[in-house]
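> Fold the stuff below for me.
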Amino acid sequence: MSKPTIVLVHGAFAESASWNGVVEGLRAAGFPAIALANPLRGVSNDAGYLKATLASVEGDVVLVGHSYGGMVITNAAEGNPNVKALVYVGAFAPDAGESAGDLAGKFPGSSLGETLNPVALPDGGTDLYIKQDLYHHQFAADSPAEDAAVWAVTQRPITDAALNEKSAQAAWKTIPSWFLFGSDDLNIPVAAHRFMAERAGSKRTVELAGGSHTVAIPEAAQLVELIKEAASA
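Below you'll find the predicted structure:
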C-alpha cells in the first residue's frame, strides 16, 4: 500500500524551505512530499492555489499547515475525499467565520503586532513583514540567532487582508486532526492553540515546553513522528 503524499503549507514570514528538516525526515521514512509555495495573498485565494496543487496529486494526502497555513489547509481540504488527515503546527484551525486575527487576539499574549513592518502595495493593500532585528525573538527564539537572521532576510510577507479574511470552512469538523505547538509562541498565544486543538477533537496534541512559533524547525523529528502517526491512522 503506497504512503500518502504529505503536503506542507508554510505561513506568514516564512517560506517553503522552512520545512527542510521535516522534508528530510519524511523522505527518510519513504513519504512523498510537496512543500507548497503559499502565496500569502488571502485565505480564499491561497486555498484555491492549494486545491489546484492537490488536484495534481494521486492517492491519499495528509495536509500539514504552519501558522496562517492552517487557515489555508482548513479551507482547501473541505470536500476533498483524498485528504485523510490535518496536522496543525503552531497553526490556526479556524471555524467558519473566524480570521487569523480573531484567533490570535482571542487570548492575551501575542506580541506580533508591535514587531511588524508594513509596506504599501500598488493596489492599495498592505504587505506585512517582521522587522529583521526583532525576528529571532518574536518568531524563532528556540533556533540559533545566526539561522534566524537569514530567515528574517528571506521571509515572505503576508497581506494585512489575508490575516483579517474570515475562513469559509472548518474541515477539521469532518477530517481527523493532530496538533503540535510551542508553549512560548509569541505570535499565537498557547491558550489559543490549546483551545483550537480541544475544539477540533485533536487525536494527539503535542505541546513542546519552551517552543517558539517555529518550534517545528528545531524539533522537526517530533513533527515527523506526529505526521507519520496521522498518515497511518
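> just to confirm, which helix or strand has residue 181 in it?
strand 177-182 (DSSP states H and E).
> Sheet-wise, list the partners of that strand with their directions.
Strand partners for strand 177-182, identified by DSSP bridges, are recorded as strand 83-89 (parallel), strand 205-208 (parallel).
> what residue is smack in the middle of this protein?
In the chain, the centroid-proximal residue (C-alpha atoms, centre = their mean) is residue 66; its distance is 1.4 Å.
> Give me the pLDDT for it.
Per-residue confidence (pLDDT) for residue 66: 98.
> State the distance from it to residue 22.
According to C-beta to C-beta, to the nearest Å, residue 66 and residue 22 sit 10 Å apart. Backbone N, C-alpha and C define where each C-beta goes, glycine included.
> tell me, what's touching these two both at once?
Common contacts of residue 66 and residue 22 (C-beta atoms under 8 Å, 6 or more residues apart in numbering): 8, 216.
> for the protein, which spans come out with low pLDDT?
Nowhere does the chain drop to pLDDT under 70.
> which stretches of the protein form strands?
Ranges of strands within the chain are 5-9, 33-36, 61-66, 83-89, 116-120, 126-130, 158-159, 177-182, 205-208, based on DSSP state E.
> Flag every buried residue along stretch 43-57.
43-44, 46-47, 49-51, 53-54 (16 or more other C-beta atoms under 10 Å).
> meant to ask about stretch 95-112
In stretch 95-112, counting by 16+ other C-beta under 10 Å, buried: 95, 98-105, 110, 112.
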